[in-house]
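In: just to be clear, the model below is a prediction. Sequence and coordinates:
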Amino acid sequence: MSNLTVTSTQDNTDYFRGDTNQNPVGLRYWALVGEDLRTHEGNLFAQGFWAIFNHRFGNWRMGLRSKLIRAPMTFVYLFWRKLVQILAGIDVPYTTKLGRRVKFEHFGGMILVAREIGDDVIIRQNTTFGVRDVNDLKGRPIIGNRVDVGAGAVIIGGVSIGDGARIGANAVVINDVPAGALAVGVPARVIVDGVTADVP
């Protein structure tokens, strides 16, 4: 794997620092939570819904102007985040920009420290999004809209996953994946229209 080159179209200048509310615009907070619940089949006991609810709350509190009011909300967010980690095995920090109708299909072993996850994304158990190099902590993946992520997939580094792409189970993705493509294997090979694409 040492001779592989990571490619990326990302620009780190707009990296989200976590100092504003980054919940999707166009829906009020409780309407957004209701949509998330419907995305998880209306199941209040779905661990994926718990994780996303906490994520939305973590962002909502950043819209509170008063630091005095925000402080106890931050405690609630951090406490609930730890509970979700322990009880559901899911960690998605509020600094990961999360789109609408994202579904955590299963639970357990999900560490989702991406830069952004788009709309209508499905993510399954034992999935990791994160940095590839400790010297580049801003190098986190961007997951496009309608991406389908298989169980056990690893997507690391400042890579971009295009809209409608599919990531196969247990794939290790370290390069960009074009829209509509399939990425499978370790390291992942990109398949477009049934043909393996060249990856630098």
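Out: Nice, I can see it.

In: average model confidence for the longest helix belonging to the chain?
Out: The longest helix of the chain (DSSP state H) is helix 67-88. Mean pLDDT, computed over helix 67-88, is 96.

In: and if you look at stretch 191-200?
Out: 69.

In: same thing with stretch 126-143?
Out: 93.

In: how near is the spatially most distant residue from the centre of the chain to Thr74?
Out: For the chain, the residue at maximal distance from the C-alpha centroid (Cα atoms, centre = their mean) is Leu68, at 29.8 Å. Applying Cβ to Cβ, to the nearest Å, the value for Leu68 to Thr74 is 11 Å. Just so you know, the C-beta spots here come from the backbone N, C-alpha and C atoms, and that holds for glycine as well.

In: repeat for Gly150
Out: 34 Å.

In: so where's the chain uncertain?
Out: 1-16, 194-195, 197-200 (pLDDT under 70).

In: domains for it, by residue range?
Out: 19-94, 113-200 (automatic domain parsing).

In: out of these, which is the most enclosed?
Out: domain 113-200 (a mean of 19; mean count of other Cβ atoms under 10 Å).

In: sorry, back to before: Phe104 is nearest to which of the domains of the chain?
Out: domain 19-94 (2.8 Å; Cβ to Cβ).

In: from memory Val149 sits against Ile122, does it?
Out: Yes: counting by Cβ atoms under 8 Å, Val149 touches Ile122, with 6.6 Å between them.

In: name the residues contacting each of those two.
Out: Counting by Cβ atoms under 8 Å, 6 or more residues apart in numbering, Val149 and Ile122 have no contacts in common.

In: what packs against the next helix or strand after the longest helix of the chain?
Out: Next in sequence after helix 67-88, counting helices and strands by DSSP states H and E, comes strand 90-91. Secondary-structure packing of strand 90-91 (3 or more Cβ pairs under 8 Å, 6 or more residues apart in numbering; DSSP states H and E): helix 47-61, helix 67-88, strand 110-112.

In: tell me the contacts of His106?
Out: Gly48, Arg124, Gln125, Ala151.

In: give me the phi and psi angles of Ala31.
Out: phi -70, psi -40 (degrees, to the nearest 10).

In: what does Thr128 give?
Out: Torsion angles, degrees, to the nearest 10, at Thr128: phi -130, psi 130.

In: what's near enough to touch it?
Out: Counting by Cβ under 8 Å, 6+ apart, the residues that Thr128 touches are Met110, Ile111, Leu112, Ala153, Val154, Ile155, Ile156.

In: beta partners for Ser160?
Out: Ile142 (DSSP bridges).

In: wait, doesn't it sit right on Gly144?
Out: Yes: counting by Cβ under 8 Å, Gly144 is a contact partner of Ser160 at 7.1 Å.
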